[in-house]
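A.B. asks: no sequence for this one, just the structure:
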């Protein structure tokens, strides 16, 4: 009985004319795919902190294993490239922390202003909401949107929820626009020594090609690629004064 019921259900979904149930499910497929893609991206982002923890925990052992795996002739250049990547990503992480702190302070000031001018409900939770905004700033693209959700929930507890919600959306949009067009290019550009226009281009290309993870890593990967190119160019240059001539006599 169960098998025949399943067969009839599948036949109804695949019929040429289509049934109302089949049409409804077919119309929900794009939404289901988008939701699944978003959940997979969020899950992948949540894995990153655990991966970083284990890498940092075993970093000396991993470095020594990597060094032993390299041929002797490649070890100098391999370790130099590892040092370049480590230096670049370290500066980028410091830039992200500074960016999160700046956004958190800006959000705190904005919530205090809303509490004084719009509704005092924000005064009691300004510090907590500012910390949430600063932490979620580390998540590009969707971080500012996620940080706005608890503030909107709080806004609906006010006396005039519609007016307060509009004020909240305006505040977070202003902070996000200043962050995207001023803070990210300047702070991240200074951290990794990239021009703001290059930072913006890297963010656009990374997010378009690789989604959320590409947006997160586009700036440090671009800076590391530039520094590795410079190192390789100098190593292959015969006239670089910083590279000693092996045929020159010892002084």
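C.D. replies: Looks like it came in fine. Predicted model only: the values in this text are computed from it and were never measured. Numbering: from 1, shown residues only.
A.B. asks: from now on I want contacts and neighbour counts done on CA atoms only, so please keep to that.
C.D. replies: Will do.
A.B. asks: for residue 101, what are its contacts?
C.D. replies: The neighbours of residue 101, taking CA atoms under 8 Å, 6 or more residues apart in numbering as the test, are residue 134.
A.B. asks: got phi/psi on it?
C.D. replies: Note on residue 101: backbone dihedrals following degrees, to the nearest 10 are phi -70, psi -40.
A.B. asks: quick one, grab the pLDDT at it.
C.D. replies: Per-residue pLDDT puts residue 101 at 89.
A.B. asks: kindly report the same for residue 44.
C.D. replies: Confidence score, pLDDT, at residue 44: 65.
A.B. asks: residue 146 too?
C.D. replies: Residue 146 is given a pLDDT of 81.
A.B. asks: any idea how far it is from residue 125?
C.D. replies: 16 Å (CA to CA, to the nearest Å).
A.B. asks: give me the number of residues near residue 182?
C.D. replies: Other residues near residue 182 come to 12 when the count uses other CA atoms under 10 Å.
A.B. asks: residue 157 now?
C.D. replies: 12.
A.B. asks: that one: what secondary structure?
C.D. replies: coil (DSSP: H, G, I helix; E, B strand; the rest coil).
A.B. asks: roughly how far apart are it and residue 135?
C.D. replies: Residue 157 is 24 Å from residue 135, by CA to CA.
A.B. asks: repeat for residue 84
C.D. replies: Applying CA to CA to residue 84 and residue 135 gives a distance of 27 Å.
A.B. asks: likewise residue 74?
C.D. replies: 40 Å.
A.B. asks: okay, those two: which has more neighbours?
C.D. replies: Between residue 74 and residue 135, counted using other CA under 10 Å, residue 135 has the larger neighbour count: 20 against 12.
A.B. asks: helix, strand or coil for residue 49?
C.D. replies: Recorded secondary structure, residue 49: helix (three-state DSSP).
A.B. asks: number the residues from 30 up from this point.
C.D. replies: Fine by me, first position is 30 from now on; the one you just mentioned is residue 78.
A.B. asks: for it, what are its contacts?
C.D. replies: Residue 78 makes no contacts at all, as judged by CA under 8 Å, 6+ apart.
A.B. asks: by mean pLDDT, flag the weakest helix or strand of the protein.
C.D. replies: helix 31-42 (a mean of 51; mean pLDDT, DSSP states H and E).
A.B. asks: element containing residue 113?
C.D. replies: Using DSSP states H and E, residue 113 sits within helix 101-146.
A.B. asks: off-centre distance for that helix?
C.D. replies: 11 Å (CA atoms, centre = their mean, to the nearest Å).
A.B. asks: just the buried residues of stretch 191-205, please?
C.D. replies: By neighbour count on 16 or more other CA atoms under 10 Å, the buried set for stretch 191-205 is 193-194, 196-198, 200-201, 204-205.
A.B. asks: what does stretch 176-186 give?
C.D. replies: Neighbour count says stretch 176-186 has 176-177, 180-181, 183-184 buried, by 16+ other CA under 10 Å.
A.B. asks: secondary structure and distance to residue 245 for the residues you listed - can I get that in a markdown table?
C.D. replies: As requested, the buried residues of stretch 176-186 are exported to a markdown table (DSSP: H, G, I helix; E, B strand; the rest coil; distance: CA to CA, whole Å):
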| residue | secondary structure | distance to residue 245 |
| --- | --- | --- |
| 176 | helix | 17 |
| 177 | helix | 20 |
| 180 | helix | 25 |
| 181 | helix | 26 |
| 183 | helix | 29 |
| 184 | helix | 30 |
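A.B. asks: quick check, nearest of those residues to residue 215?
C.D. replies: Nearest to residue 215 among the buried residues of stretch 176-186 is residue 176, at 22.3 Å by CA to CA.
A.B. asks: the closest one reaches residue 165, doesn't it?
C.D. replies: Yes: in this structure residue 176 lies within contact range of residue 165 using CA atoms under 8 Å: 6.2 Å.
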